[in-house]
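Asker: Mind folding the following:
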Amino acid sequence: MESWKELTVLYRACTPADVKVLRELQGVMSKVRAEQGLFVSWGGYNSEARKEAKDAFFTIRLWDQGNILHEIFKYYEKFDDELKAELPLKRIWGLVVEE
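Answerer: Residues are numbered from 1 along each chain as shown. The predicted structure follows:
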């Protein structure tokens, strides 16, 4: 069996992902011998899933909507034109009003 270095799971629900889905990812990672996993959930994670993910800190990362948006904004300028066409964004500058 071929081993994979990384495995990513996208969980599309708008509700927090629970520990069951995290454990399923761990099982698949073990089966394919993936060294790292990225579990992406737009709806975030419940407390039990977050607690268990802390124990697997070196092998599994959790990304919620904040992480996704941060990475998109951070690397958007490096995206190729085809991807930018699929996700058209425009930088907007605003004046910071000091208090």
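
Asker: For beta bridges, what are the partners of Leu38?
Answerer: On the basis of DSSP bridges, Leu38 is bridged to Thr8, Arg61.

Asker: Surely it and Lys5 touch.
Answerer: No. Leu38 is beyond contact range of Lys5, at 11.6 Å (criterion: CB atoms under 8 Å). In short, each C-beta sits where N, CA and C put it, glycine included.

Asker: More neighbours: the two, which one.
Answerer: A side-by-side neighbour count of Leu38 and Lys5, using other CB atoms under 10 Å, places Leu38 first with 15 against 8.

Asker: Next, work out how far apart the more buried one and Leu95 are.
Answerer: As judged by CB to CB, to the nearest Å, Leu38 and Leu95 stand 37 Å apart.

Asker: now Val21
Answerer: From Val21 over to Leu95 (counting by CB to CB), the distance is 43 Å.

Asker: Go through the biggest helix by length in the chain and flag the buried ones.
Answerer: Scanning the chain for the helix with the most residues, using DSSP state H, yields helix 19-32. Buried residues in helix 19-32, counted by 16 or more other CB atoms under 10 Å: 19, 21-22, 25-26, 29.

Asker: ok, these vs Gln65, which is closest?
Answerer: Sorting the buried residues of helix 19-32 by how near they are to Gln65, with CB to CB, puts Val21 at the top with 16.3 Å.

Asker: close enough to count as contact, Trp63 and Val40?
Answerer: Yes. In this structure, Trp63 is within contact of Val40 by CB under 8 Å, at 4.7 Å.

Asker: show me where the protein has strands.
Answerer: 6-11, 36-41, 60-63 (DSSP state E).

Asker: by contact count, what packs against the last one?
Answerer: I take that to be strand 60-63. helix 19-32, strand 36-41, helix 47-55 (3 or more CB pairs under 8 Å, 6 or more residues apart in numbering; DSSP states H and E).

Asker: Just list what the shortest one packs against, helices and strands only.
Answerer: Counting contacts by 3+ CB pairs under 8 Å, 6+ apart, strand 36-41 packs against strand 6-11, helix 19-32, strand 60-63.

Asker: Leu95: neighbour count?
Answerer: 5.

Asker: backbone phi and psi for it, please?
Answerer: Here is the backbone geometry of Leu95 (degrees, to the nearest 10): phi -80, psi 130.
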